[in-house]
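Peer 1: I would like the atomic coordinates for the input below:
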Amino acid sequence: ERNMDKLYIVIPAYNEQDNIEQVINDWYPVIEKHNGNGQSRLIVIDDGSKDSTYEKLKQCTKTRPLLIPITKPNGGHGATVLYGYKYALKNGADYIFQTDSDARHCRKNLNRSGNEDRNMIWSSAGERQQDGISRVFVTKTLKLVIRICFGVNLTDANTPYRLMKAETMVRYIHLIPKDFNLSNVLLAVIYKKKGCSIKFLPVTFRPRQGGGEFH
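Peer 2: Just a heads-up that it's a prediction; the model follows:
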């Protein structure tokens, strides 16, 4: 039964002391709803923040038993995401959902995707105009580079919103180098090259509330 599946939400965080409680307030109800008979978890990984992000995370656990805060030395976004994926796989996740800690993402598509039999549900940037010209340029450039280097077409390989089957991820995650900074991009390329089923869904964003960029 699908609502018994263990869902792990993986969120990397760097210098997000001003936002992190709101991020948890946004996503904790999702993990409660998809609680996998109490086995699902919201994993927030502090990537060596220089502020009080991790202390705030620990405070939030007092009233949120499904929240697991982790801290580790700074390694950048890609390495932190990869760390979270491996943690989720090690702890028996059935599905892994990954987003970022800037609290911009619309959550409705996680519910819409519940009955999909796909290896990966991926957000696309159709409603991301407010991210500006530079984000559009990077997305288009990355798409071109991926097509030239790997011979695959991906709508938005680096979008910070993805839902993946653990049984598929476990087959390919070893192909990503440990400290590779664009691990999500490479994972998308691998899935596409291996013929995995990927569905793109549009996702809306709200303005960022501040916080640290990954280093």
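
Peer 1: From now on I want contacts and neighbour counts done on CA atoms only, so please keep to that.
Peer 2: OK.

Peer 1: Return the host helix or strand of Met169 as CSV; C-alpha atoms alone will do.
Peer 2: According to DSSP states H and E, Met169 maps onto helix 166-172. What follows is helix 166-172, C-alpha atoms only, in CSV (Å, rounded to 0.1, in the frame of the first residue of the first chain):
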residue,chain,number,x,y,z
ALA,A,166,15.1,4.3,-3.8
GLU,A,167,15.2,1.0,-5.7
THR,A,168,16.3,2.9,-8.8
MET,A,169,18.7,5.2,-7.1
VAL,A,170,20.5,2.4,-5.4
ARG,A,171,21.5,1.0,-8.7
TYR,A,172,23.2,4.1,-10.0
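
Peer 1: can you list contacts of that helix?
Peer 2: 89, 93-96, 119, 187, 190 (Cα atoms under 8 Å, 6 or more residues apart in numbering).

Peer 1: Restricted to helices, list those residues.
Peer 2: 89, 187, 190 (DSSP state H).

Peer 1: I'd assumed Ile176 was in contact with the second one.
Peer 2: The reference is to Leu187. Yes: with contact defined as Cα atoms under 8 Å, Leu187 counts as touching Ile176 (7.3 Å).

Peer 1: isn't Tyr95 right up against Met4?
Peer 2: No: under the criterion of Cα under 8 Å, Tyr95 is not in contact with Met4, lying 10.9 Å apart.

Peer 1: Among these two, which residue is more densely surrounded?
Peer 2: Taking other Cα atoms under 10 Å, Tyr95 and Met4 do not tie; Tyr95 has more neighbours (22 against 14).

Peer 1: if I've got this straight, Ile68 is in a strand?
Peer 2: Yes: checked against DSSP: H, G, I helix; E, B strand; the rest coil, Ile68 lies within a strand.

Peer 1: Return the distance of it relative to Asn35.
Peer 2: 14 Å (Cα to Cα, to the nearest Å).
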